[in-house]
Each structure stands twice: as C-alpha cells, then as structure tokens.
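**Student:** No letters, just coordinates:
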Ligand code: UD1
C-alpha cells in the first residue's frame, strides 16, 4: 500500500471497528509544571469542520480535494468509516483526496460510532446519495445523553422513513423532498446532516433555528463549491435549493478555533507570550473577550492572535451557549485557568448536562471548585500541586494539560487517547513553547 493511503486503513470496516476498540493506546503525559510559554504555534485545520466535510465526500462520485485537514484520531476514524462505505481516500501532508465512485455499504457500525459520535454525519449523505442508511445510535457518552432526535425529525420531514432496529437507525428514501424544518434546539451536527441531505433533495429546504457555528459555514462553503445552493449559513435560517448532482471540488478547511483557544488559555494560565498563526480570529470573539477579562493582553491581526500574560489571572464568569456565545468546547480549559485566579468565578454549562467530569480531577491537583446544578463555582488558589489524573473526554483532557502546566511538581495524565482525538501532537507543540511535557508510552 502506498504511504499516502496507509493513513486511511482500507480494511473492511467491521475488522477495523473492533481493532479501534481494542487497540486504544494507553499513552500518558508527564508534565513538570511552572514554565512560561513563549513562541509561535501554527493552528491546524478544524476537526469539527473536517469531519462533516469528509462525510460530504459521499455526496458525489467525483474527486473532493481537502486542504488543511488535521492529523487526528477522529479524522482517521471518519476516513475508515468512509472507506468501509466505498470511498477511496489518500492523504499527502495536510491534504486529503476523497472519491466515492459508488457506495458499496451503507452501514456505520456501533463499534465505530461509539468511539466517535460524529459518525452520525454519514446519515444525511447516505440517504441523499443512495436512499439507504444503517447508522448505529450513538448512545450515551461521557458528557451527557446527546440524543439525535433532531437529525431524525429533520430527515423525516425531508420524506425519509426512519426506524430504530436493534440499536441502529435504519433509513430509507426515494429522492428526498425539500421541506420547512424548525429545529427544537440548536444542534451543530444536526444542522450539518440536514444541510447535506437537502443539497441533493428535490426543491427548497429551509432550516430554522439552525446552528450558526463557523464549522457549519465552512461545510456550506464546501457544498457550494461542489455545486450545491446553500445560503444563509452563519445565520439561524439556512435555505438550500436542492440540485440533481454535486461535482468534485477543492476546499481548504478553516482553522480550528478550539485548538487556537486552548493554546491561548494555556499561555494566559502559565504566563508568557504566544502567537497563534494561521488562525481565524473572527471565530473566537467570545473566547478572546474572556481572555482579556482574565487580564491577558490580546492582540489580533488578520490571521494571527497573540496573548501575553504574567502573574495570576483575574477570575472570569461565563455561560456556555451556541455560537456566537461562549463555546462549551472551551469551558473546561477556562476552568483550569480560573482555578489559580485571584478571586471567584462562576462557570455555567448550558449545552451538555454532564460536562463537569474534569472538576474531580482538577480537585486532585488542589483546585477549589464546587458544583451547584449546572454551575461550577471556582475559587482561585495561588498554586496547584502536581498529581496523577485521568482524562475523561476530549476537552477535559485539554483542561488537565493546562492545569498540569500550571501545577507545582509532576502531573501524570492517563488515558490521553481522548486528547489525541482532537489535538495533533499537542505535547510536542507545547514543548516547542518551553513546556516541560512528554508522552510516556
Ligand atoms: C458539536 C461538536 C461538539 C460541540 C457541540 C456543541 C462536532 C463534531 N461536534 O457536537 O464538539 O461540543 O457541537 O457546540 O461538531 N441535542 C438533542 N437532540 C439532537 C441533537 C442535539 O437533544 O438531535 C442536544 C444535545 O444533547 C446537546 C445540544 O443539543 O445538549 C447540542 O448538541 P449538538 O450541537 O448536536 O452537539 P454535536 O453536534 O453532537
């Protein structure tokens, strides 16, 4: 197999699914805290844009060339899922070439979906392209119940028949038909699934109460360059005029705002001077506001953001909400920052009901945090002290890395396969900024 193809394993999807489950690398991170962070980091492409855009490769028989695709475990999982359905994928550096001449299988198996909920993103494209799909229900996950009822409701409105059988969503449709859909709540992947399905539907679809996240906008841009007619992405009303077929295109994935924010919070927490290059500052307004409130000096150019900080951060209170509000995917990192603030901050989580798993681990490092309902009251202490902790989900892992960088002495973080799902070799990039951090096999 040529090297370029090796990145995307093309074994049958079931074989890979079981392997993915059994072979979770048990790497750990060892951190000696206390070093300031100084230097530049090149931002990678956005995971949450790359995943739906890769799924969009199922919508056409032509070649889709994607640039700035991040090297992440979740991207590999999506590649494997698509390969199992008949897509041919190859990677050369940051670019991925995907081509799905024909869909050979329409199943997203439980073993893959449970490792990555975003697998649900194949449902809309499969139905639109070949009128059939069998996608495992994701079930619960570490950060809450996360149902997919809105995906199902929207696809039914487009004329698909969906049933739940043996834990799978089994879906069928002749050609989908445009419809007027009002989402009961703002859902990012729900909006994306419906946008992809509607792109090949007969007639006009309107999605009201649509997610306004920048990744939704990026997917719309990619679909439009494939010949789709999507307008209004970035507002809460998206209108899609269905077309008969989509063609190939070349698209550059937008920069990852959560990765950018995570490094910036690390810089604000540890002190230092960090410049993120190749960034999209306009996607980070709420996060940059909170960094300024925490006392960091934030400077912004067209495609870079620089954070300078020294001394203890000021306490920050925040409430997560759909874009353009403060992103839930940055909540845990700000909690690590607040744990050493000079005062008390309140962090309220409104998107996911169980997204405080990192609190118990931060407490092991000496953080003083109390939970009242969906609010964490964070009483800053002068110092954290290193300890052994366990990563529970992707962004919780990032908060533990930040806390470890802050803490006095050694911190060992277990189960960092969560971190690898969403950050490309984070420890190497932090080490290049002066952090004392290494991966232990
Ligand atoms: C996406 C992001 C994730 C981010 C989240 C919220 C990707 C791949 N993942 O996840 O990183 O944390 O947005 O910004 O883009 N809900 C329902 N029914 C549904 C769909 C959602 O009740 O059919 C609820 C969820 O349980 C949650 C809320 O709506 O409480 C928002 O979830 P949603 O926006 O769908 O999150 P994801 O798209 O899964």
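**Tutor:** Sure thing, it's come through. The model shown is predicted, which means the values in this text are computed figures rather than measured ones.
**Student:** give the contact list for the closest residue to residue 330 other than its chain neighbours.
**Tutor:** Sequence neighbours aside, residue 261 is the residue nearest to residue 330 in space, at 4.9 Å (criterion: Cβ to Cβ, 6 or more residues apart in numbering). No exception for glycine: its C-beta is placed from N, CA and C like everyone else's. Listed by Cβ atoms under 8 Å, 6 or more residues apart in numbering, the contact set of residue 261 reads 284, 287, 327, 330, 333.
**Student:** at 7 Å what do you get?
**Tutor:** The neighbourhood of residue 261, defined by Cβ atoms under 7 Å, 6 or more residues apart in numbering, consists of 284, 287, 330, 333.
**Student:** Show me where the stretch 151-300 of the chain has its helices.
**Tutor:** Counting by DSSP state H, counting those that start in this stretch, the stretch 151-300 of the chain has these helices, from start to end: 188-199, 214-225, 257-270, 285-293.
**Student:** what comes up buried for stretch 207-218?
**Tutor:** By 16 or more other Cβ atoms under 10 Å, the buried positions in stretch 207-218 come out as 207, 209, 210, 211, 212, 213, 214, 215, 216, 217, 218.
**Student:** same for the ligand: which of the residues you listed are within range?
**Tutor:** Subset of the buried residues of stretch 207-218 in contact with the ligand: residue 215, counting by Cβ under 6 Å from any ligand atom.
**Student:** and the buried residues of stretch 207-218, which two are the farthest apart?
**Tutor:** Of all pairs drawn from these, the one with the largest separation by Cβ to Cβ is 209 and 218; the distance is 19.8 Å.
**Student:** for the ligand, what are the nearby residues on the protein?
**Tutor:** Taking Cβ under 6 Å from any ligand atom as the criterion, the neighbours of the ligand within the chain are 48, 51, 117-118, 144-151, 185, 187-190, 215, 328-329, 351-352.
**Student:** Filter those residues down to just the buried residues.
**Tutor:** Buried positions within the residues of the chain next to the ligand, assessed by neighbour count (16+ other Cβ under 10 Å), are 48, 51, 117-118, 146, 148, 150-151, 187-190, 215, 328-329, 351-352.
**Student:** what's the helix or strand for the residue most central in space within the chain?
**Tutor:** The centre of the chain sits closest to residue 48, judged by Cα atoms, centre = their mean, with a distance of 3.9 Å. Secondary structure from DSSP states H and E places residue 48 in helix 47-55.
**Student:** do the same with residue 26
**Tutor:** Take DSSP H and E as the rule and residue 26 turns out to sit in neither a helix nor a strand.
**Student:** residue ranges with poor pLDDT in the stretch 201-350 of the chain?
**Tutor:** Nowhere does the stretch 201-350 of the chain drop to pLDDT under 70.
**Student:** mind checking pLDDT for residue 56?
**Tutor:** For residue 56, the model assigns a pLDDT of 98.
**Student:** Contact partners for residue 194?
**Tutor:** By Cβ under 7 Å, 6+ apart, residue 194 lies in contact with 124, 154, 181, 207.
**Student:** at 6 Å instead, please
**Tutor:** Residue 194 makes contact with 154, 207, according to Cβ atoms under 6 Å, 6 or more residues apart in numbering.
**Student:** any idea how far it lies from residue 176?
**Tutor:** Here residue 194 is placed at a distance of 10 Å from residue 176 (Cβ to Cβ, to the nearest Å).
**Student:** do residue 207 as well
**Tutor:** Distance check for residue 207 against residue 176: by Cβ to Cβ, it reads 13 Å.
**Student:** now do residue 50
**Tutor:** Residue 50 sits 25 Å away from residue 176 when distances are taken as Cβ to Cβ.
**Student:** if you count what's nearby, which of those two comes out ahead?
**Tutor:** Using other Cβ atoms under 10 Å, the more surrounded residue of residue 50 and residue 176 is residue 50, with 27 against 24.
**Student:** isn't residue 227 right next to residue 247, touching?
**Tutor:** Yes: Residue 227 sits in contact with residue 247 when judged by Cβ atoms under 6 Å, with a separation of 5.0 Å.
**Student:** State the number of residues packed around residue 63.
**Tutor:** Going by other Cβ under 10 Å, the residues that sit close to residue 63 add up to 16.
**Student:** Let me fix that, I meant to ask about residue 412.
**Tutor:** Around residue 412 there are 15 other residues, counting by other Cβ under 10 Å.
**Student:** Torsion angles phi and psi at it?
**Tutor:** As for residue 412, its main-chain torsions (degrees, to the nearest 10) stand at phi -110, psi 130.
**Student:** quick one: it and residue 389 touch, right?
**Tutor:** No: shown here, residue 412 and residue 389 do not form a contact pair, counting by Cβ under 6 Å, at 7.4 Å.
**Student:** now that we're looking at residue 127, how far away is the ligand from it?
**Tutor:** From residue 127 across to the ligand, the span is 16 Å (Cβ to the nearest ligand atom, to the nearest Å).
**Student:** any idea which element that residue lies in?
**Tutor:** In this structure, residue 127 sits in helix 123-130 according to DSSP H and E.
**Student:** Can you tell me what sits against the helix or strand just after that helix?
**Tutor:** Tracing the chain past helix 123-130, the next element assigned as helix or strand by DSSP H and E is strand 132-136. Residues outside strand 132-136 that contact it (Cβ under 6 Å, 6+ apart) are 106-108, 110, 113, 123, 126-127, 168-172.
**Student:** Any of those residues buried? List them.
**Tutor:** Here the buried ones among these, as counted with 16+ other Cβ under 10 Å, turn out to be 106, 107, 108, 110, 113, 123, 126, 127, 168, 169, 170, 171.
**Student:** contacting residues around the third one?
**Tutor:** So the one you mean is residue 108. 81, 119, 122, 135, 136.
**Student:** What separation do you get for it and the ligand?
**Tutor:** As for residue 108, its distance to the ligand is 14 Å (criterion: Cβ to the nearest ligand atom).
**Student:** Equivalent analysis for the second one, please.
**Tutor:** Look at residue 107 and the ligand: by Cβ to the nearest ligand atom, they are 20 Å apart.
**Student:** and that residue, bridged to which residues?
**Tutor:** residue 134 (DSSP bridges).
**Student:** Over to the last one?
**Tutor:** Note on residue 171: beta-bridge partners by DSSP bridges are residue 133, residue 162.
**Student:** all helices of the stretch 1-150 of the chain, in order?
**Tutor:** For the stretch 1-150 of the chain, the helices identified by DSSP H, counting those that start in this stretch occupy 3-6, 13-22, 47-55, 73-84, 110-113, 123-130, 149-157, in order along the chain.
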